[in-house]
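**Q** one predicted model, sequence on top.
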Amino acid sequence: MIGAALRTSLVSIVAAGLLHASAANAADKVRVGSLNNPGDIGFFIADQKGYFKAEGLDVEIIEFKSAGLMMAPLGTGDLDVAGGALNASLFNAAERQLPLKIVAGRSRTAPGFNYNILMVRKELADSGKVKSIADLKGLKFAFPAPGTAVQSQLNEVLKSAGLSIKDVQETYLAFPQQVPALLSKAIDGVILVDPFLSNAVSTGAATAITPTEAYYPTAEISMLFYGERMRKNDGKIGDRYMKAFLRAVRDYLAATEKGAWKKTPLADEIINIFAKQTGNDPKLVASLSMHPADPNGDLNLASLRKDLEFFKAQGLVTSNSITVDDIVDLRFAKAAAAELAGK
């Protein structure tokens, strides 16, 4: 009887240990909002190259039409991570004390890159109706949603001609809808990145007027957002996600130069990853003008402050006490960059 009891006890102990080990090794589920565009390439690389898995993360990528639409589910915990442009919704969420933060940069403008381009319908340029920034007055521009940084960027361009965003008509269309709207003459102008930029040119829908970089230097175009769960200390999920993400960003930077793909096996691998994720032909992806990015996820905070002032001036953010510091938390990026530097 003593032997049987001992065996039963040992079996129970072993079973409990196996269950504990299984729970400890279970991957943490992370739900990520994506626009399915080049700014998300870090998500795709980290997913396909196994960087998330190596950090014990089970990542689900969910497509949205705009970053603004991600803010509500990010605040409720239905999303953990989001990627996209700065928007007024984030500041308004901070005013309501929702725990959403910008934790890293993803893409920005820089000299020498053909990225984030102001465009108008081709016939407007060809006819001579639009020869300068001043000629944009009265035209109808499409933006992905109200209260986005794209509007602030256009405002900076218009200021060079003594105009403002109030001097153009505004409408709201998701990026995939903007090129068809140009072709149907429903809108006159947009600010685009690839692959929408290349599509607009190849279809004859629009002509490039200027990179926004010429009027708004080093603007933060896309950034990484965390919800509350990612910023808590339960297993340091936010740290692990950031480490995988920055590994992927560094792969991307190693595969490109001034926005052009290098002729290397790494570049071919990443082109195929992006093509598979977005449903594009790898040949098209290889021709795209890609974005600048910071290998450490650093942010140009002056750019964010400029956009916030624009949102306030437009009445999109009503609190005068909200600042950029209220929505930025760079500790995860700094910790991940330091850890990666030590390897």
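**A** Looks like it arrived, so ask away.
**Q** packing partners for the host helix or strand of Ala82?
**A** Per DSSP states H and E, Ala82 falls inside strand 81-84. Packed against strand 81-84, as judged by 3 or more C-beta pairs under 8 Å, 6 or more residues apart in numbering; DSSP states H and E, are the following elements: strand 28-34, helix 71-76, strand 220-226. Every residue, glycine included, has its C-beta placed from N, CA and C.
**Q** quick one, the last one and strand 28-34 angle?
**A** Our comparison of strand 220-226 with strand 28-34, counting by axes from the mean of the first three to the mean of the last three C-alpha atoms, to 10 degrees, yields an angle of 150 degrees.
**Q** would you map the strands across the stretch 101-250 of the chain?
**A** 101-108, 117-121, 140-143, 169-172, 189-192, 206-211, 220-226 (DSSP state E, counting those that start in this stretch).
**Q** dump these to CSV, plus mean neighbour count, mean pLDDT and distance to Leu79.
**A** Putting the strands of the stretch 101-250 of the chain into CSV (neighbours: other C-beta atoms under 10 Å; pLDDT from 0 to 100; distance: least, C-beta to C-beta, whole Å) gives the following:
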stretch, mean neighbour count, mean pLDDT, distance to Leu79
strand 101-108, 26, 96, 13
strand 117-121, 24, 98, 29
strand 140-143, 22, 97, 22
strand 169-172, 14, 97, 21
strand 189-192, 26, 97, 25
strand 206-211, 20, 96, 31
strand 220-226, 26, 95, 9
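**Q** out of these, which gets nearest to Ser89?
**A** Nearest to Ser89, of all the strands of the stretch 101-250 of the chain, is strand 220-226, at 10.6 Å by C-beta to C-beta.
**Q** residues in contact with the closest one?
**A** 39, 67, 70-71, 74, 80-86, 90, 100-109, 115-116, 149, 193, 238, 245, 291, 297, 299-300, 303-304, 307, 329, 332 (C-beta atoms under 8 Å, 6 or more residues apart in numbering).
**Q** return the distance of that strand from the chain's centre.
**A** Here the centre of strand 220-226 is set off from its chain's centre by 5 Å, with C-alpha atoms, centre = their mean, to the nearest Å.
**Q** go on, stretch 155-167?
**A** The answer for stretch 155-167 is 25 Å, by C-alpha atoms, centre = their mean.
**Q** for it, what is the average pLDDT?
**A** Stretch 155-167 shows an average pLDDT of 97 in the prediction.
**Q** give me the contact list for it.
**A** Residues contacting stretch 155-167 (C-beta under 8 Å, 6+ apart): 118, 132-134, 136-138, 151, 154, 168, 210, 212, 214-216, 219, 306, 310, 314.
**Q** what residues of it count as buried?
**A** 155-158, 163, 165 (16 or more other C-beta atoms under 10 Å).
**Q** mind listing which of those residues are in helices?
**A** Secondary structure assignment by DSSP state H places 155-158 of the buried residues of stretch 155-167 in helices.
**Q** show me what contacts the residue nearest to Ala181 when sequence neighbours are not counted?
**A** Nearest non-adjacent residue to Ala181, counting by C-beta to C-beta, 6 or more residues apart in numbering: Ile187, 4.6 Å away. By C-beta under 8 Å, 6+ apart, the contact set of Ile187 is 121, 140-142, 171, 173, 178, 181.
**Q** could I get these as TSV with distance to Ser321?
**A** Conversion of the contacts of Ile187 to TSV gives the following (distance: C-beta to C-beta, whole Å):
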residue	distance to Ser321
Arg121	42
Lys140	35
Phe141	31
Ala142	32
Thr171	32
Leu173	33
Gln178	35
Ala181	38
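**Q** return the member of those nearest to Asn199.
**A** Nearest to Asn199 among those: Gln178, at 9.4 Å, using C-beta to C-beta.
**Q** and the closest one, how many neighbours?
**A** By the measure other C-beta atoms under 10 Å, the count of residues near Gln178 is 27.
**Q** Val81 - how many residues pack around it?
**A** 26.
**Q** now for it: which residues touch it?
**A** Contacts here follow C-beta under 8 Å, 6+ apart; on that basis Val81 touches 30-33, 74, 224-227, 230, 241.
**Q** from those, which one has the minimum pLDDT?
**A** Among these, Leu74 has the lowest pLDDT, at 90.
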